[in-house]
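In: give the three-dimensional model of this entry:
(chains A and B)
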Amino acid sequence: MQKNQLIQVAERRYRDALALTQTGKNERAMGAKYLGGFVIEILLKANLVERFPEASRKTLHADATRAERAVWTLVWRLHALGAMIDNLPELEAALLVRGDRDGRRYVEDLKAIATAWHVQLRYSTESSTIRQATDFLEKVRILKEVLK
Amino acid sequence: MTKLLAVPVPLMKLKRRLMQELKPAKVTFEKVPGLRRYRVTIVSGRFTRKPHLKRQDVVWEIIDRHLPREALGKISLVFPYSPEERQTSTAKRRRVA
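Out: Prediction:
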């Protein structure tokens, strides 16, 4: 799994989510948010495999260190956005500088999405509105560009 | 008690600000294992019926006003709950235990 491939996949998932919001139907809102969260997850994983190349391989080598094993698990087994961010301090520092330069809250919005989204949304019986989904996806759109 | 003392001063100041601006609110910091970062849990009636992303916007706006930029990395994630949600999640945990 390489960074460029992951970026392409993230773009596709973003367009899928966008198509759902463009229906204007509240019944599509949760689906849009669900897919939108994956855009961020995939891009965080793209940054993890760039930072930790060992984690890009589907099979982990036998003598992997505990730290390598932890990152590999994040990439291949989990959907824990917060833990992914915790393992990318350089990315967070860069986003903070870029955010100050652009007048944007990239770090804050990234952490907001990492908390507001979770993979169990697929089981959620909660309802959402298309307005909420559009707001969510707008944050995803902006973050997508700086996470590439 | 030891955990409370270990929380850096800027975060303790932030805790007071969060409690003031979201009062009545309960604010707790939990250290992320192995890192010098903290997860923040806030229980406040201000979050009742407010969508999750809006809650995040409210809290991060307060953080941005009161926490020095260089300390922003000390915050991992923020979990804002309404009092009703917190009761429900605590009750669920008790049932599981």
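
In: so which bits of chain B are right by chain A?
Out: B:32, B:35, B:37, B:39, B:51-53, B:56-57, B:60, B:63-64, B:69, B:72-73, B:75-79 (C-beta under 8 Å from any C-beta of the partner chain). Backbone N, C-alpha and C define where each C-beta goes, glycine included.

In: in helices only, show me those residues.
Out: B:His52, B:Leu53, B:Gln56, B:Asp57, B:Trp60, B:Ile63, B:Asp64 (DSSP state H).

In: so who does the first one touch?
Out: Read it as B:His52. B:His52 sits next to A:Thr115, A:Ala116, B:Pro80 when contact means C-beta atoms under 8 Å, 6 or more residues apart in numbering or on different chains.

In: contacts only, for the closest residue to A:Gln2 other than its chain neighbours.
Out: Excluding the flanking residues, the one nearest A:Gln2 by C-beta to C-beta, 6 or more residues apart in numbering or on different chains is A:Ser56, at 6.3 Å. Applying C-beta under 8 Å, 6+ apart, we find A:Ser56 in contact with A:Met1, A:Gln2, A:Val49, A:Val75.

In: next one: the most centrally placed residue in chain A from chain B, what distance?
Out: Closest to where the C-alpha atoms of chain A average out (C-alpha atoms, centre = their mean) is A:Ile40, at 1.6 Å. A:Ile40 sits 13 Å away from chain B, going by C-beta to the nearest C-beta, to the nearest Å.

In: just A:Ile7 next, same as before
Out: 24 Å.

In: does that residue count as helix, strand or coil?
Out: Classification of A:Ile7 using DSSP: H, G, I helix; E, B strand; the rest coil returns helix.

In: got it, and B:Glu30?
Out: strand.

In: who in chain A is up against chain B?
Out: So far as C-beta under 8 Å from any C-beta goes, chain A lies against chain B at A:82, A:85-86, A:89, A:92-93, A:96, A:100, A:105, A:107-109, A:111-116, A:128, A:132, A:135-136, A:139.
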